[in-house]
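Participant: Kindly return the folded structure for what I paste below:
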Amino acid sequence: MHFPLHPETPQEGQSLEQLFAGRGVDLDAMYTRMKGLMDEEGLPYGKRSHTYNSRLSQELGKWADTQEGGEAMHDALYRAYFVDAVNVGDAGALLKIVEAVGLDVTAAREVLESRSFSDAVDADWNLSRQYGVTGVPTFVAGQKGVVGAQPYEALENFMREVGAEPKT
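Facilitator: The predicted structure follows:
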């Protein structure tokens with residue numbers, strides 16, 4: 001499910017200083033915390049200076065879900081945004097990602113130009129509001145949720161609380 005995290009962000013993006021202006025956010029501390037969590041899980045995480053509007057990438061991700069091999073698009077979008085600081089609101093940058101994962105660039109261009117997956121993303125956004133999602137990631141199960149990057153143990157406890165049985 002897709003979520004409208006800062007949908008007001010312009011297509012060209014904005015600096016993190018602008019995004020968090022007046023909120024007393026320590027950007028270096030925020031990065032250090034997230035980098036530590038990502039390192040613990042073996043996930044790459046870069047130091048970004050900007051945030052970008054993710055709407056087009058969400059629409060392209062919905063399209064990729066309909067394509068054979070499309071699951072690779074989600075990992076590539078993660079890496080582009082969180083590691084390489086790519087503007088995922090830029091159609092040209094998105095098409096380069098499509099090409100890199102081996103999906104049909106012509107079809108992807110048509111999706112971006114026609115906005116044919118816009119309604120599907122709107123439906124996700126509406127559902128996320130119904131669930132009360134306020135940040136990413138959010139894990140929802142059994143009418144309960146956990147918001148934000150969490151250590152494995154917190155997610156394990158959450159799954160126990162909602163009655164999930166461990167696989168043996």
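Participant: Against residue 40, how distant is residue 152?
Facilitator: Note on residue 152: its distance to residue 40, by Cβ to Cβ, to the nearest Å, is 8 Å. Where you see a C-beta, it was placed from the backbone N, CA and C, and this is true even at glycine.
Participant: And residue 96, by the same measure?
Facilitator: Residue 96 is 30 Å from residue 40, by Cβ to Cβ.
Participant: Nearest residue to the middle of this structure?
Facilitator: Centroid-nearest residue in the chain, with Cα atoms, centre = their mean: residue 78, separated by 6.6 Å.
Participant: Please identify the helix or strand for that residue.
Facilitator: helix 71-78 (DSSP states H and E).
Participant: From the contact counts, what lies against that helix?
Facilitator: helix 55-64, helix 91-100 (3 or more Cβ pairs under 8 Å, 6 or more residues apart in numbering; DSSP states H and E).
Participant: Which positions within the last one qualify as buried?
Facilitator: When burial is assessed from 16 or more other Cβ atoms under 10 Å, helix 91-100 yields the following buried residues: 91, 93, 94, 95, 97, 98.
Participant: Domain parsing of this structure, as residue ranges.
Facilitator: Split into domains by automatic domain parsing, the chain comes to 14-133, 137-168.
Participant: Name the strands paired with the worst-scoring helix or strand of the chain on mean pLDDT and say parallel or antiparallel.
Facilitator: Counting by mean pLDDT, DSSP states H and E, the chain has its least confident helix or strand at strand 144-147, which shows a mean of 83. Using DSSP bridges, the strands paired with strand 144-147 are strand 138-141 (antiparallel).
Participant: any idea of the mean pLDDT in the strand it pairs with?
Facilitator: Mean pLDDT, strand 138-141: 86.
Participant: Residue 4 touches residue 126, doesn't it?
Facilitator: No. Using Cβ atoms under 8 Å, residue 4 makes no contact with residue 126, being 9.8 Å away.
Participant: who has more neighbours, these two?
Facilitator: residue 4 (19 against 11; other Cβ atoms under 10 Å).
Participant: Contact partners for the more buried one?
Facilitator: 55, 125, 128 (Cβ atoms under 8 Å, 6 or more residues apart in numbering).
Participant: helix or strand for the second one, which one?
Facilitator: Just to be clear, that refers to residue 125. Per DSSP H and E: helix 118-131 holds residue 125.
Participant: Just the buried positions in that helix, please.
Facilitator: So, applying 16+ other Cβ under 10 Å, buried residues of helix 118-131: 120, 121, 124, 125, 128.
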